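S.K.: Could you work out the structure for the sequence below:
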Amino acid sequence: MNELRTNEFDQPIGPAVEGWATAPFPDVTAMQGTWCRVEPLLREHADELYDELCGPGNESLWTYLGVGPFADRGEFADHIEARADATDSVTVVVRDREGRACGIASYLRVDRVNGSVEVGSITLGPRLQRTAAATEAQYLLANHVFGLGYRRYEWKCDALNEPSRRAAERLGFTHEGTFRHAVVYKGRSRDTAWFSIIDDEWPSLAQALRAWLDESNQPDGSQLKSLEGVRASL
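M.R.: Got it, this is the predicted structure:
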């Protein structure tokens, strides 16, 4: 616990931050894990991703996102091009162990001055959901920004999006509260649930994630011990 500090007026103040410098923009080069590969999004990924994320049966993937579902390949390609060309965010493709592009995610709300960044717009195709590859992708993305010196890593979602809330909590994010009537999208009101991991918490969370992802815990691609169980045992 941080020691309580007071200023010359006997008012409580936050802990000192020694040697803080602005964090670099979180550009991404390819990151290879055991179960997945994360690489920068390119326009050329549109066709491959369309087959995984769009079309009949995949409409529900877009319920809690500000865009989609998409009517056809051309409309989806325009969306991918815009995300690939964005200069205020970074979007990546997640490939599974077989090399198939099965999902996308973005670094959003990049605040270099204060060292804060959000992971969001996460869209995972059915073959990637609830897999070691999906978890490893989140580990690689978080580890990258904390390695760059970021102090805070955010996760936000529609408060009614229970799978996203469960995913954040499973990964070790702390629920900070709900912003009521925060967003209007797709003709409806959204309360936004906020979660975060801070730099002091990441080393132990990362250790647990690495242990859970180890092939000794995933002998056939399915876990022997849950991530929550691994975390509790360390």
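
S.K.: ok, now how distant is L124 from Y64?
M.R.: Counting by CB to CB, to the nearest Å, the gap from L124 to Y64 is 13 Å. C-betas here are computed from N, CA, C, even on glycine.

S.K.: scratch that, E8
M.R.: Distance, E8 to Y64, using CB to CB: 48 Å.

S.K.: between L124 and Y64, what contacts are shared?
M.R.: When CB atoms under 8 Å, 6 or more residues apart in numbering defines a contact, no residue borders L124 and Y64 alike.

S.K.: Mind checking which of E8 and Y64 has more residues around it?
M.R.: Y64 (19 against 5; other CB atoms under 10 Å).

S.K.: Helices along this structure, start to end?
M.R.: Ranges of helices within the chain are 46-53, 73-85, 132-147, 162-171, 202-213, 227-233, based on DSSP state H.

S.K.: Contacts made by the longest one with the rest, please.
M.R.: In other words, helix 132-147. Taking CB under 8 Å, 6+ apart as the rule, helix 132-147 contacts 26, 28, 31, 33-36, 38, 92, 94, 96-97, 102-103, 105, 107, 117, 119, 124, 128, 153, 171, 197, 199, 202, 205-206, 209-210, 212-213, 218, 221, 223, 227.

S.K.: of those residues, buried ones?
M.R.: 26, 28, 31, 33, 35-36, 38, 92, 94, 96, 102-103, 105, 107, 117, 119, 124, 128, 153, 171, 197, 202, 205-206, 209, 212-213, 218, 223, 227 (16 or more other CB atoms under 10 Å).

S.K.: Would you mind listing where the protein has pLDDT under the threshold?
M.R.: The chain contains residues with pLDDT under 70 at 1-2.

S.K.: Report the contact partners of the residue nearest to the spatial centre of it.
M.R.: Against the mean C-alpha coordinate of the chain, by CA atoms, centre = their mean, the closest residue is V119 at 3.7 Å. Listed by CB under 8 Å, 6+ apart, the contact set of V119 reads A105, S106, Y107, L108, Q138, L141, A142, Y153, E154, W155.

S.K.: could those be laid out in CSV, adding distance to G57?
M.R.: Converted to CSV, the contacts of V119 look like this (distance: CB to CB, whole Å):
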residue, distance to G57
A105, 21
S106, 24
Y107, 29
L108, 27
Q138, 24
L141, 27
A142, 30
Y153, 32
E154, 31
W155, 26
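
S.K.: Out of these, which is nearest to T178?
M.R.: Nearest to T178 among the contacts of V119 is W155, at 13.2 Å by CB to CB.

S.K.: Is the closest one bridged to anything, and to what?
M.R.: Note on W155: beta-bridge partners by DSSP bridges are V119, F195.

S.K.: shouldn't it be in contact with S116?
M.R.: No. The criterion here is CB atoms under 8 Å, and W155 misses it with S116 at 12.0 Å.
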